[in-house]
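Participant: No letters, just coordinates:
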C-alpha cells in the first residue's frame with residue numbers, strides 16, 4: 001500500500017495523525033547535518049502544519065460498479081460513482097500540471113483524501129448539532145468577508161463571494177457547504193476544547209527563554225570560537241591516551257553547542273553525504289580514536305573523534321563551538337500563545353479521533369487507511385507482592401473552510 005501525506009490547515013487534517021517526533025528528546029544530527037539548522041531546538045513561535053498520513057489504495061485495474069457504496073458514515077453513504085466524479089473534478093482543476101502518466105497513482109490518493117474529509121466532516125457536524133451549536137447568519141457573513149479580503153490580498157479586489165466560491169473544484173454549492181460546516185465545527189472545538197484549556201503556560205515559556213539564553217551563551221564570534229576550540233584541542237592533546245575518550249565526552253558536555261553534547265558529543269552512525277562536506281571529509285579521514293584539528297563548517301568550529309568504521313559508514317563524536325548571530329529571545333506573551341496553540345492542536349486531534357472511533361463508519365477495504373489507528377488497550381499491571389499468593393505467579397505487564405483540496409503529491413524521480 002502506498003502512503004500519502006495530506007497537508008492542510010483544516011482541522012479535518014488533524015484527525016488522523018498517527019504519531020510525531022518528540023522534538024525535545026529527538027537524537028538529532030542537525031548540528032553537523034546537511035542543509036539543516038545549526039541546532040535542534042524547540043521553537044514555540046514557529047507556525048506548524050499537521051501532516052496526515054493515510055493509506056492510499058493501489059490503482060484498480062478493473063472498472064468497478066459506480067453504485068457500490070465505498071463509505072458509510074452514521075448511515076450516510078458515499079458511492080464509488082460519487083467519489084470518482086469528485087476526483088475527476090479535482091484533477092481537472094489542476095489543468096496540465098499533473099503528469100498524465102502518473103494519474104493512475106494520483107487518482108486513488110485524491111479519492112482517499114476526499115473520503116477522509118467526507119467522513120470527518122459528517123461526524124463532527126453531527127456531533128456539533130447534537131451539542132447545540134449553530135451557525136448564525138452573521139457568522140457566515142463575517143467568514144465570507146474574510147474570504148473576500150483574502151482574494152483582494154491575492155490581487156483580485158473585484159471578486160465577489162460567488163466568484164471566490166466558484167473556484168472550488170467541486171463547485172460553489174459544495175464550497176458553501178464546507179464553509180458553513182467549517183464554522184459549525186470551529187464553534188464546537190472552541191467550546192469543547194479551546195475554552196476548556198486553563199493551563200498556565202508561563203513556567204514553560206520561562207523554560208524556553210532560559211534555554212534560548214543558554215544557547216546564546218554558546219554562540220561565539222569567529223575569533224573567539226577558534227581560540228576556544230584551539231584551547232580545548234590542547235587540553236585533549238595533553239590528556240593521556242587511555243583517558244582521551246572520557247575527557248572528550250566531558251568537554252563535549254561542558255562546551256558543545258550541539259544537542260549531542262548532552263550525550264558526550266556522540267552523533268551515532270552516518271554515511272557519506274549525511275553531514276556537511278567539511279565534516280564528512282574529516283570524519284571519514286580520521287583514524288579510529290584520533291581527534292581532528294579544528295574543522296570549520298557553516299555551523300562553527302568542530303573537534304571530531306571517529307570511534308568506529310564499518311563498510312561505508314562511520315560513528316563519530318564532536319565538540320561544536322557555534323558561530324553566528326544570537327537568537328532574539330522570544331517574548332513571554334508570544335510563547336504562551338504559541339504553547340497554548342500547540343497544546344490545543346493535540347487536544348483537537350484527540351477530540352476528533354475519539355469522535356471518529358465512536359461513530360458508525362463502514363469502509364470498503366481500499367479505504368480502511370482513512371481510519372485512525374486502533375485505540376491501544378491499557379497495559380496490565382503487575383499485582384503488588386503482598387497480593388500474590390505463594391502458588392500464583394505475578395501477571396506480566398503487557399476544517400473547515402471552503403478551500404481547494406490539497407494538491408496531490410507527484411512522484412518526481414529527478415528529486416529523489
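Facilitator: Here it is on my side, so go on. Worth saying up front: this structure is predicted, and the values here are computed from it rather than measured. Numbers count the residues shown, from 1 in each chain.

Participant: show me where the stretch 51-200 of the chain has helices.
Facilitator: Taking DSSP state H, counting those that start in this stretch as the test, the helices found in the stretch 51-200 of the chain are 80-93, 103-130, 137-153, 161-166, 172-192.

Participant: tilt between the second one and helix 172-192?
Facilitator: Read that as helix 103-130. Using axes from the mean of the first three to the mean of the last three CA atoms, to 10 degrees, the inter-axis angle of helix 103-130 relative to helix 172-192 is 50 degrees.

Participant: Pull out the buried residues from helix 103-130.
Facilitator: Residues of helix 103-130 classed as buried: 105-128 (neighbour count, 16 or more other CB atoms under 10 Å). Every C-beta, even on glycine, is put in place using the N, C-alpha and C of the backbone.

Participant: Using JSON lines, please lay out the helices of the stretch 51-200 of the chain together with mean pLDDT and distance to residue 305.
Facilitator: Formatted as JSON lines, these follow (pLDDT from 0 to 100; distance: least, CB to CB, whole Å):
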{"stretch": "helix 80-93", "mean pLDDT": "95", "distance to residue 305": "54"}
{"stretch": "helix 103-130", "mean pLDDT": "95", "distance to residue 305": "46"}
{"stretch": "helix 137-153", "mean pLDDT": "93", "distance to residue 305": "53"}
{"stretch": "helix 161-166", "mean pLDDT": "92", "distance to residue 305": "60"}
{"stretch": "helix 172-192", "mean pLDDT": "95", "distance to residue 305": "51"}
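
Participant: As CSV, the ones you listed with distance to residue 304 would be great.
Facilitator: CSV is the format used below for the helices of the stretch 51-200 of the chain (distance: least, CB to CB, whole Å):
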stretch, distance to residue 304
helix 80-93, 50
helix 103-130, 43
helix 137-153, 49
helix 161-166, 56
helix 172-192, 49
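
Participant: Could you list the low-pLDDT ranges of this protein?
Facilitator: In the predicted model, the chain carries pLDDT under 70 at residues 1-62, 378-416.

Participant: what about the strands in it?
Facilitator: 2-8, 50-56, 69-73, 76-79, 219-220, 266-271, 295-297, 300-310, 313-323, 361-363 (DSSP state E).

Participant: Would you list the strands that the last one pairs with, along with their directions?
Facilitator: The pairing partners recorded for strand 361-363 under DSSP bridges are strand 69-73 (antiparallel).

Participant: List the buried residues of the strand it pairs with.
Facilitator: The neighbour-count check on strand 69-73 (16+ other CB under 10 Å) flags 70-73 as buried.
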